[in-house]
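> Output the structure for:
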Amino acid sequence: MISFILTLKRFLKALWSAFKMKNFQVLFALVLVMLLSGTIFYVKQEGLTVIDSLYFCVVTLSTVGHPGFEPQTTFGKVFTMIYIVGGTGLFMGLIGYLAYAIIKKRESENKESRK
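Residues are numbered from 1 along each chain as shown. All right, here's what the predicted structure looks like:
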């Protein structure tokens, strides 16, 4: 349990460091816009609940996928294809910047501990 808490603490510090980077802020905002637009679309077009729509958007952008749902309308299928291609790239960019921040944070901690 202690290991989990220390890892979570390290992750949150790295997340805070990542938020200081302008590119991370932009990607984070774009991912939020993607999640919001996808959620609204699936609520209005496909008739899902807000929670189901948000869940579908998160698992889609994180490349996990949702095997129990597929859009019923042609427009919904086209939107989903575009959503997956555009959103996955943004999400992976966000994860990449977060990984970069974690590595930089660990490097700076190692340098401080050597002094």
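> Can you name every helix or strand that the stretch of helix or strand residue 100 belongs to contacts?
For residue 100, the host element (DSSP states H and E) is helix 74-114. On a contact count with 3 or more CB pairs under 8 Å, 6 or more residues apart in numbering; DSSP states H and E, helix 74-114 meets helix 2-19, helix 22-46, helix 50-61. Glycine gets a C-beta too; all of them are placed from N, C-alpha and C.
> Just the residues contacting the last one, thanks.
Here helix 50-61 makes contact (CB atoms under 8 Å, 6 or more residues apart in numbering) with 31, 34-35, 38-43, 46, 48, 65-66, 69, 80, 83-84, 87-88, 90-91.
> hmm, back to that, for the helices and strands packed on helix 74-114, which one ends up most surrounded?
Here the criterion is mean neighbour count by mean count of other CB atoms under 10 Å, and of these the winner is helix 50-61, at a mean of 18.
> for the record, mean pLDDT for it?
For helix 50-61, the mean per-residue pLDDT is 90.
> just stretch 19-36 next, same as before
Rounded mean pLDDT across stretch 19-36 is 90.
> got the contact list for that stretch?
Contacts of stretch 19-36 (CB under 8 Å, 6+ apart): 18, 54, 57-58, 61, 83, 86-87, 90-91, 93-94, 97-98, 101.
> Report the two of these separated the most.
83 and 101 (26.4 Å; CB to CB).
> Report the contact partners of the residue nearest in space to the middle of the chain.
Central residue of the chain (CA atoms, centre = their mean): residue 91, 4.7 Å from the mean position. Neighbouring residues of residue 91 by CB under 8 Å, 6+ apart: 31, 34, 61-63.
> please redo it, this time with the cut-off set to 6 Å
Neighbouring residues of residue 91 by CB atoms under 6 Å, 6 or more residues apart in numbering: 31, 61.
> Check residue 110 too.
Per CB under 6 Å, 6+ apart, neighbours of residue 110: none.
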